[in-house]
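Q: Fold the stuff below for me.
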Amino acid sequence: GQRWVGQALIGADGGKSVVRAQYVNDPPRVTGHVVYRAVVDKADFPEDLRWNAASLWAGPKCHLVHYPLRGGEQYNVVVTFHSRQQETWGVTDGSKEEVESYFQGICPKARQLIELPKTWKRWATADREPIGTWVFGRATLLGDAAHPTTQYMAQGACMAMEDAVTLGEALRVSGNDWAQALALYQQSRVTRTARIVLSGREMGRLYHAAGVERLVRNSLWKDRSQERFYDAMEWLYGWNVKNCLSA
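A: Numbers count the residues shown, from 1 in each chain. Coordinates of the predicted model:
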């Protein structure tokens with residue numbers, strides 16, 4: 001109920017943004033994919049899985065991820081599956097019984113991961129369709145308010161930080177002319193962040209492929225050199241402050 005006067009409004013208020021609702025009011029796209037996350041101490045983590053790398057075990061309609069935290073003193077454990085029920089976007093407490101029910105058929109080395117956590121948090125995931133307009137007069141969107149995405153590209157927080165840097169650079173080169181800066185910011189970010197949203201959807205499909213689609217996935221990645229993987233990701237990891245306005 002309060003009123004504030006300023007030069008501009010940056011709606012950096014998350015995936016359920018009230019600023020976006022004011023100007024766009026588009027519905028979320030609930031994916032039906034559920035993510036369980038937990039942190040496990042090193043002492044409780046299997047010695048043969050203590051790899052200094054992000055590791056993914058893929059299966060039909062599910063996958064597991066683990067990677068070290070705090071210099072290897074803890075490990076993040078993340079499991080994802082296609083829910084059998086109608087989901088509502090949000091976070092709740094999870095249950096080991098539900099996780100186990102979706103991972104009956106996977107290999108024992110990976111399955112031991114779901115026995116480790118003492119507690120789980122459960123995310124029912126969603127994204128939104130990419131939009132081409134982020135600027136509404138002196139108001140704009142940033143981060144998940146502009147481009148909420150699924151977790152499959154692991155870029156949600158990264159894109160928000162990139163947005164902030166790009167907006168700062170746009171203000172700098174425009175001499176703090178807000179109208180010019182916001183137009184440049186939108187022009188520089190829409191395509192890149194939309195690619196993240198759409199690539200996330202496709203990556204989820206690839207991870208969870210079954211049947212013949214799984215064979216196609218495997219053939220795409222089989223025998224590919226590290227250099228080719230790096231080249232394929234250059235568009236993502238080659239971003240920096242010097243090229244952020246060149247889109």
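Q: So which bits of the lengthiest helix in the chain are buried?
A: Ranked by number of residues, the top helix in the chain under DSSP state H is helix 178-207. For helix 178-207, burial by neighbour count (16 or more other CB atoms under 10 Å) applies to 178, 181-182, 184-186, 188-190, 192-197, 199-201, 204, 206-207. C-beta coordinates here come from the backbone N, C-alpha and C atoms, glycine included.
Q: Same question for stretch 28-46.
A: Those would be Arg29, Val30, Thr31, His33, Val34, Val35, Tyr36, Arg37, Ala38, Val40, Phe45, for stretch 28-46 by 16+ other CB under 10 Å.
Q: could I get those as CSV with secondary structure and pLDDT?
A: Listed next are those as CSV, based on DSSP: H, G, I helix; E, B strand; the rest coil; pLDDT from 0 to 100:
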residue, secondary structure, pLDDT
Arg29, strand, 97
Val30, strand, 97
Thr31, strand, 97
His33, strand, 97
Val34, strand, 98
Val35, strand, 97
Tyr36, strand, 96
Arg37, strand, 95
Ala38, strand, 95
Val40, strand, 95
Phe45, coil, 96
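Q: want to throw these into TSV with distance to Tyr23?
A: Formatted as TSV, the buried residues of stretch 28-46 follow (distance: CB to CB, whole Å):
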residue	distance to Tyr23
Arg29	18
Val30	22
Thr31	24
His33	28
Val34	30
Val35	29
Tyr36	34
Arg37	32
Ala38	37
Val40	42
Phe45	46
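Q: Would you map the strands across this protein?
A: Along the chain, counting by DSSP state E, strands occupy 9-11, 29-41, 55-59, 62-69, 74-82, 90-93, 121-127, 135-136, 139-141.
Q: Mind putting these into JSON lines with distance to Phe103?
A: Listed next are the strands of the chain as JSON lines, based on distance: least, CB to CB, whole Å:
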{"stretch": "strand 9-11", "distance to Phe103": "38"}
{"stretch": "strand 29-41", "distance to Phe103": "10"}
{"stretch": "strand 55-59", "distance to Phe103": "8"}
{"stretch": "strand 62-69", "distance to Phe103": "6"}
{"stretch": "strand 74-82", "distance to Phe103": "7"}
{"stretch": "strand 90-93", "distance to Phe103": "19"}
{"stretch": "strand 121-127", "distance to Phe103": "14"}
{"stretch": "strand 135-136", "distance to Phe103": "44"}
{"stretch": "strand 139-141", "distance to Phe103": "37"}
